[in-house]
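Chemist: Only the shape, not the letters, is given here:
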Ligand SMILES: NC(=O)C[C@H](N)C(=O)O
């Protein structure tokens, strides 16, 4: 029998629409796959077989398709609220919390007839680059069990690479969609800030957080992008503008022609600290873009090298304020509530017990950066750097249509390798952070496997705000030239094939 987990989302959607297969069959096939491999991968924190199958059945019984993805199941990062499933954000603080409302992204998925298989693992409050900061244990990279799947959205990316889901949702504050995409050989897109509603996205750093699509192909990501994007009055930073024509752009890209497209290679993102295999994969990808007809030039963005330090002032500052709401009174965990402690003691003991070390580190960094006397020197300077980075992008986009770089300096590192070295962990986002600080759109598309270690490498494509469609055109064209490589994914332990 055909293995329904091996198709793209676009193919599955067509088969379901033509009633060649039912959504129930497709959803069940993925639930079975999760049952077979997830003890090994640990991509999911919660699986909702009943809910997913009920949604699938509703699609099968509906007279009309609710969307282009109707019936195709999906894995949802556990940072987006779901009123019928727990939302833990990878933290003990919210263990068992069932939100009273759906995030706008969740609601749009349901309205589009997309069955939600479950919630995926993540670094606690999306702080991390390896999923090792999850309070529920790490996710493993399907390419190598001993390695990280990236973070914070490692669960979403791993679920795609392990064929547990054809589509997933991630969120990207500093790279949490793109870096996991790169190290698992999957596609991840951070849409323009404001392009996808943040309503119901548990906030880490509100001026940077952005939900986006994760998939195994560029066209699949585009189809999902179109379902979740668009203006939402419930999010004050949502952009009231038409969604860029991402699906049409992906289809155009599939013709494999990039004549007339100008591509800028970011000079600052190469050299020391970049693994040789990553560098070679990137150079080969640039050659392929050229072969597709693109005009390639080198572009300097001199302030990008300050993006990482600026991010580690801005993101922790916003986090220290956002996470103040976890006070043991309103949600989730409460300890020491035995009548012998004051309310303040209960709050502080609960925060001590509920937050992991990385979250505490960021709250302290942020509180320090915002404190009077230091505010101008730290937070204020970081905001100025943010403006300079935006100007670098503006200047670059006067010359080129898109910018490219490796998504990450290295391939997937070993579990445990960077846990005691926060700086090394932070460096995983060196190339992804500028797009978050400026608010523009960026994608990671696999550029095959590194010739050094046989692990996936990501090509990052960046476009101006509200020009997300450019990512899809270039990404899809490149993908055709690159060819398939997921068939080289090692067989997972415990899977009988
Ligand atoms: N949330 C993100 O986008 C991830 C980033 N690695 C961070 O730890 O902040």
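Modeler: All right, it came through fine. None of these values were measured; they are calculated from a predicted model. Residues are numbered from 1 along each chain as shown.

Chemist: what's the span of stretch 38-55 from first residue to last?
Modeler: 22 Å (CA to CA, to the nearest Å).

Chemist: Check which residues of that stretch are buried.
Modeler: By neighbour count on 16 or more other CB atoms under 10 Å, the buried set for stretch 38-55 is 38, 41-49, 51-53, 55. Every C-beta, even on glycine, is put in place using the N, C-alpha and C of the backbone.

Chemist: Pull up the residues of the stretch 301-450 of the chain that are close to the ligand.
Modeler: 315, 429 (CB under 6 Å from any ligand atom).

Chemist: how about the strands in the stretch 301-450 of the chain?
Modeler: With strands called from DSSP state E, counting those that start in this stretch, the stretch 301-450 of the chain shows them at 402-406, 441-449.

Chemist: Residue of the chain nearest the ligand, please.
Modeler: residue 176 (3.1 Å; CB to the nearest ligand atom).

Chemist: residues contacting the residue lying closest to that residue once chain neighbours are set aside?
Modeler: Sequence neighbours aside, residue 152 is the residue nearest to residue 176 in space, at 4.2 Å (criterion: CB to CB, 6 or more residues apart in numbering). By CB atoms under 8 Å, 6 or more residues apart in numbering, residue 152 lies in contact with 79, 90, 122-123, 126-129, 131, 133, 171, 173, 176, 180.

Chemist: out of those, which are buried?
Modeler: Among the contacts of residue 152, those classed as buried by 16+ other CB under 10 Å are 79, 90, 122-123, 126-129, 131, 133, 171, 173, 176, 180.

Chemist: Got the domain ranges for the protein?
Modeler: 4-304+402-488, 311-385 (automatic domain parsing).

Chemist: just those: most buried one?
Modeler: Highest mean neighbour count of the domains of the chain: domain 4-304+402-488, a mean of 23 (counted as mean count of other CB atoms under 10 Å).

Chemist: tell me how far that one is from the chain's mean position?
Modeler: Mean-position distance between domain 4-304+402-488 and its chain equals 4 Å (CA atoms, centre = their mean, to the nearest Å).

Chemist: Would you confirm that residue 299 contacts residue 400?
Modeler: Yes: counting by CB atoms under 8 Å, residue 400 is a contact partner of residue 299 at 6.2 Å.

Chemist: center of the chain - which residue?
Modeler: residue 177 (1.8 Å; CA atoms, centre = their mean).

Chemist: I'd like to know how far it sits from residue 274.
Modeler: 21 Å (CB to CB, to the nearest Å).

Chemist: which residues of this protein score low on pLDDT?
Modeler: 1, 493-497 (pLDDT under 70).

Chemist: returning to that earlier point: is it correct that the residue nearest to the centre of the chain is in contact with residue 212?
Modeler: Yes: the criterion here is CB under 8 Å, and residue 177 meets it with residue 212 at 5.1 Å.

Chemist: Between the two, which contacts overlap?
Modeler: 170, 171, 188, 189, 190.

Chemist: any chance you could map the helices in the stretch 351-497 of the chain?
Modeler: Using DSSP state H, counting those that start in this stretch, the helices of the stretch 351-497 of the chain run over 357-370, 381-399, 422-426, 433-438, 468-482.

Chemist: ugh, wrong one, I meant the stretch 101-250 of the chain
Modeler: Secondary structure of the stretch 101-250 of the chain by DSSP H, counting those that start in this stretch: the helices cover 104-111, 154-161, 178-184, 218-228, 246-253.

Chemist: Out of those helices, which gets nearest to residue 285?
Modeler: helix 178-184 (11.9 Å; CB to CB).

Chemist: Quick check: next helix or strand after the strand or helix carrying residue 283?
Modeler: Following DSSP states H and E, one finds residue 283 within helix 276-291. Next in sequence after helix 276-291, counting helices and strands by DSSP H and E, comes strand 295-299.

Chemist: strands paired with that following strand, and their directions?
Modeler: strand 262-266 (parallel) (DSSP bridges).

Chemist: Quick check: phi and psi at the spatially closest residue to residue 80 that is not a sequence neighbour.
Modeler: With sequence-adjacent residues excluded and distances taken as CB to CB, 6+ apart, residue 80 is closest to residue 103, at 4.2 Å. For residue 103, the backbone dihedrals are phi -60, psi 160 (criterion: degrees, to the nearest 10).

Chemist: Name all residues that make contact with residue 103.
Modeler: Residues counted as contacts of residue 103 (CB under 8 Å, 6+ apart) are 80, 81, 82, 197, 199, 200, 201, 211.

Chemist: Swap in 10 Å and give it another go.
Modeler: When contacts are counted by CB atoms under 10 Å, 6 or more residues apart in numbering, residue 103 touches 76, 79-83, 87, 109, 169, 197-202, 211, 228, 232, 234-235.

Chemist: ok, the residue lying farthest from the centre of the chain to residue 333 distance?
Modeler: The outermost residue of the chain relative to its centre, with distances by CA atoms, centre = their mean, is residue 340 at 43.4 Å. As judged by CB to CB, residue 340 and residue 333 stand 18 Å apart.

Chemist: same check, this time on residue 362
Modeler: Counting by CB to CB - residue 362 and residue 333 are separated by 18 Å.

Chemist: ok, residue 354 touching residue 333?
Modeler: Yes: taking contacts as CB atoms under 10 Å, residue 354 lies within contact range of residue 333: 4.5 Å.

Chemist: Identify the contacts common to these two.
Modeler: 91, 92, 93, 94, 95, 326.

Chemist: Out of the residues you listed, name the two that are farthest from one another.
Modeler: 95 and 326 (11.9 Å).

Chemist: Mutual contacts of those two, please.
Modeler: With CB under 10 Å, 6+ apart, residue 95 and residue 326 have common neighbours 89, 332, 333, 354.

Chemist: and those, which of them are in helices?
Modeler: Among the shared contacts of residue 95 and residue 326, the residues falling in helices (DSSP state H) are residue 354.

Chemist: shared neighbours, residue 299 and residue 400?
Modeler: Common neighbours of residue 299 and residue 400 (CB under 10 Å, 6+ apart) are 262, 263, 264, 265.

Chemist: What backbone torsions are found at the residue farthest from the centre of the chain?
Modeler: Backbone phi and psi, for residue 340 under degrees, to the nearest 10, turn out to be phi -100, psi -10.

Chemist: how close does it get to residue 346?
Modeler: Distance, residue 340 to residue 346, using CB to CB: 10 Å.

Chemist: What of residue 160?
Modeler: 41 Å.

Chemist: Then residue 307?
Modeler: Distance of residue 307 to residue 346, given as CB to CB: 39 Å.

Chemist: Also residue 252?
Modeler: Distance from residue 252 to residue 346, by CB to CB: 58 Å.

Chemist: ditto for residue 32
Modeler: Between residue 32 and residue 346 the distance is 44 Å, computed by CB to CB.

Chemist: Equivalent analysis for residue 185, please.
Modeler: Distance, residue 185 to residue 346, using CB to CB: 46 Å.

Chemist: do the same with residue 240
Modeler: Taking CB to CB, one finds residue 240 at 42 Å from residue 346.

Chemist: Could you do residue 222 as well?
Modeler: Separation of residue 222 from residue 346 (CB to CB): 48 Å.

Chemist: Ok, residue 30 next?
Modeler: Applying CB to CB to residue 30 and residue 346 gives a distance of 42 Å.
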